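In: Provide a 3D model corresponding to the input given below.
(one chain, ligands or ions: 1)
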Amino acid sequence: MLRRSARAVTIVQSVVGLLLILTPTLLVWQHLGMTRVFEISPRHPYGVTVTDDRHEDGNSVATLVRSDDAFVMRCDLGAAYAWPFCKLQFHLGEAGKGMDFSQFDSITFNMRYAGPFGRKIRLHLTNFEPEFSRIGDWNSQRYDSVEFDVPAQSTFTIPVNVLRTADWWIASNHVPLEKTYSRFDNITAVEISTGSVPSGQSVSIEVRSIEFRGKWISNTKLLTYLVAAWIACGVFGLSLSLVHVRSNLSASNARVELLATINKALELEARDLANQAYTDPLTGALNRQGLREVLMKRLHVAGRVDEEMAVVFMDLDHFKRINDEYGHDAGDEVLKGFAGVIHGEVRSSDKLVRWGGEEFLLLCPETDVAHAVAMIEKLRTALSAQAWPHGLRVTSSFGVTSLKPDEDFGAAIKRADGALYRAKANGRDRVEIA
Ligand SMILES: Nc1nc2c(ncn2[C@@H]2O[C@H](COP(=O)(O)OP(=O)(O)OP(=O)(O)O)[C@@H](O)[C@H]2O)c(=O)[nH]1
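Out: Numbers count the residues shown, from 1 in each chain. Now for the predicted structure:
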């Protein structure tokens, strides 16, 4: 995941670098170059023809003379038609399929005009538009026109945006106002017509070339594409860094989780080790180290709470015989069973300690001697009810005493031990109070 996102970061950096180089380069190139030229000339004649007003019941006569480097239209303007004209036409498309001139912004002419009266010509661009135009009806195409004086020099340039849709075309096609703007996206013909010249005159128009010039891509379009590229790059970079941050976060979360798991395992192990250190492995009772730990805590509590604690010394009766008759393993089973019975009967706050061999100590906090004796009677009943290995009958002798809050623990043990001794001496399976 990390390696993949590192690769993506490198890609974004490369794209940003590329855009940094491309942006100024393309803008300068667009400004100075990227020029697209469409030429009409004898080398590219595009179906040149001439026409005049005879099909409008006029009597003007247009003739076309072609040479290697020019088209010459000679026109004798008659008087039969009210607006006599001759036209030089270049056909760029048929059946409504023209050429897109939208990107052109200037037209450069190389031409000469000869005539006795004025120097006016008209330029028409016919644009086929399915909404208004019909195939076969030439005048149904949009007429974008301009009339101007031909300059004295043969080469001159006019901007495309001076062409306007002809009023007669707007009127005859009932074009709504919002659609009266010029359109150059489907040009089917370029026409050069005589201008407003009275009848009876002869005019000669010699065209060497007409060049439509523009940019392959407009400045606005180029800027839009560049801004879009920068935004796409920015969005991609941003989402990439989000993915990067998220993957880092989940990696560190996983590390934290792993550490927490290890910590827990170590805690459990430490608790296990501590338990092992304080516990007798055979019976599960506390060992002497465990007793010390309990007493440390208990003394602390006893320092605050004025309460007494019963201390009971217990010793299994004739345990040696069990070992001798049934073996050490049977003896171990009895010791385990004995501790199990005690643990099952006493409160969880009571602490059973294996003092050594078959001797056990029971500490009963907040318990006086009378209650301790009652509890020992319960223990004796439970011991006799227990099913022992080999059908044995297991009993224990008990010596009980009370530990005062500020008393030395050793002294209490000694007293309990003395009581136990008396219990043994007085016949076993009984309790004696110190
Ligand atoms: N199986 C087993 N026996 C143990 C263990 N610890 C001590 N013993 C035995 O416990 C016996 C204790 O015997 P004694 O001290 O004579 O006491 P007793 O036979 O119980 O006699 P009284 O206490 O007078 O009733 C000895 O035989 C020890 O070897 C132990 O962990 N497992």
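In: residue ranges with poor pLDDT in the stretch 201-350 of the chain?
Out: 298-307 (pLDDT under 70).
In: what do you get if the cut-off is 90, keeping everything else the same?
Out: 201, 215-220, 233, 236-245, 247-248, 270-277, 291-309 (pLDDT under 90).
In: How about the residues of it by the ligand?
Out: 315-320, 323, 328, 331-332, 335 (Cβ under 6 Å from any ligand atom). For every residue, glycine as well, the C-beta is placed using N, CA and C.
In: Show me what residue of this structure gets nearest to the ligand.
Out: G331 (2.5 Å; Cβ to the nearest ligand atom).
In: State the number of residues packed around that residue.
Out: When neighbours are counted by other Cβ atoms under 10 Å, G331 registers 21.
In: please renumber so the chain begins at 288
Out: Taking 288 as the first residue, the last one we looked at is G618.
In: Enumerate every residue touching it.
Out: By Cβ atoms under 8 Å, 6 or more residues apart in numbering, the contact list for G618 reads 606, 609-610.
In: Rebuild these as TSV, extending it with neighbour count.
Out: Formatted as TSV, the contacts of G618 follow (neighbours: other Cβ atoms under 10 Å):
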residue	neighbour count
F606	18
I609	24
N610	16
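In: Local confidence estimate at F404?
Out: pLDDT, F404: 62.
In: Checking my notes, H461 in a helix, right?
Out: No - read with DSSP: H, G, I helix; E, B strand; the rest coil, H461 is coil and lies in no helix.
In: Return the distance of it relative to D472.
Out: 21 Å (Cβ to Cβ, to the nearest Å).
In: Neighbour count: these two, which is higher?
Out: Taking neighbours as other Cβ under 10 Å, H461 and D472 compare with D472 leading, 13 against 7.
In: wait, isn't the more buried one in contact with D387?
Out: Yes - because the distance of 5.1 Å satisfies Cβ atoms under 8 Å, D472 is recorded as touching D387.
In: Just the helices from the stretch 588-721 of the chain, written as ranges.
Out: Taking DSSP state H, counting those that start in this stretch, the helices of the stretch 588-721 of the chain run over residues 606-613, 615-632, 656-672, 696-712.
In: who does the shortest one touch, helix- and strand-wise?
Out: Using 3 or more Cβ pairs under 8 Å, 6 or more residues apart in numbering; DSSP states H and E as the contact criterion, the neighbours of helix 606-613 among helices and strands are helix 615-632.
In: Tell me the strands beside the longest strand seen in the chain, with direction?
Out: Counting residues, the longest strand found in the chain (DSSP state E) is strand 489-502. As defined by DSSP bridges, the strand partners of strand 489-502 come to strand 322-327 (antiparallel), strand 358-363 (antiparallel), strand 391-401 (antiparallel).
In: deepest of those strands, which one?
Out: With neighbours defined as mean count of other Cβ atoms under 10 Å, the strands paired with strand 489-502 peak in mean count at strand 358-363, which reaches a mean of 21.
In: Could you list the residues in contact with that one?
Out: Here strand 358-363 has contacts from 329, 332, 335, 337, 339, 347-353, 373-375, 479, 481, 488-494, using Cβ under 8 Å, 6+ apart.
In: V296: neighbouring residues, count only.
Out: 14.
In: Would you map out the domains in the chain?
Out: By the assignment in automatic domain parsing, the chain contains the domains 322-503, 566-720.
In: could you dump those to CSV with distance to T310?
Out: Listed next are these as CSV, based on distance: least, Cβ to Cβ, whole Å:
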stretch, distance to T310
domain 322-503, 17
domain 566-720, 77
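In: quick one, which of the ones you listed is nearest to G304?
Out: domain 322-503 (24.9 Å; Cβ to Cβ).
In: now the closest one: how far from the chain's centre is it?
Out: 58 Å (Cα atoms, centre = their mean, to the nearest Å).
In: Show the end-to-end separation of it, please.
Out: 6 Å (Cα to Cα, to the nearest Å).
In: and if you look at stretch 431-442?
Out: 22 Å.
In: for stretch 595-611, same thing?
Out: 40 Å.
In: Buried residues, that stretch. List them.
Out: Buried residues in stretch 595-611, defined by neighbour count with 16 or more other Cβ atoms under 10 Å: 595-604, 606, 609-610.
In: I'd say S483 and E434 touch.
Out: Yes - contact status for S483 versus E434: in contact at 7.1 Å, counting by Cβ under 8 Å.
In: Return every residue with contacts to both of these two.
Out: K407.
In: still on that earlier bit, now list the buried members of the contacts of strand 358-363.
Out: Here, 16+ other Cβ under 10 Å leaves 335, 337, 339, 347-349, 373-375, 479, 481, 488, 490, 492-494 buried among the contacts of strand 358-363.
In: from these, which two are the most distant?
Out: The widest separation within those (Cβ to Cβ) is 23.0 Å, between V335 and Q488.
In: still on that earlier bit, in strands, which of the buried residues of stretch 595-611 appear?
Out: Using DSSP E, the buried residues of stretch 595-611 in strands are 596-603.
In: circling back to that earlier point, in strands only, show me the contacts of strand 358-363.
Out: 335, 337, 339, 348-353, 373-375, 479, 481, 489-494.
In: What sits closest to R715 if chain neighbours are left out?
Out: Spatial nearest neighbour of R715, excluding adjacent residues (Cβ to Cβ, 6 or more residues apart in numbering): D604 at 4.3 Å.
In: wait, isn't D637 in contact with L648?
Out: No - assessed by Cβ under 8 Å, D637 is found out of contact with L648, at 10.8 Å.
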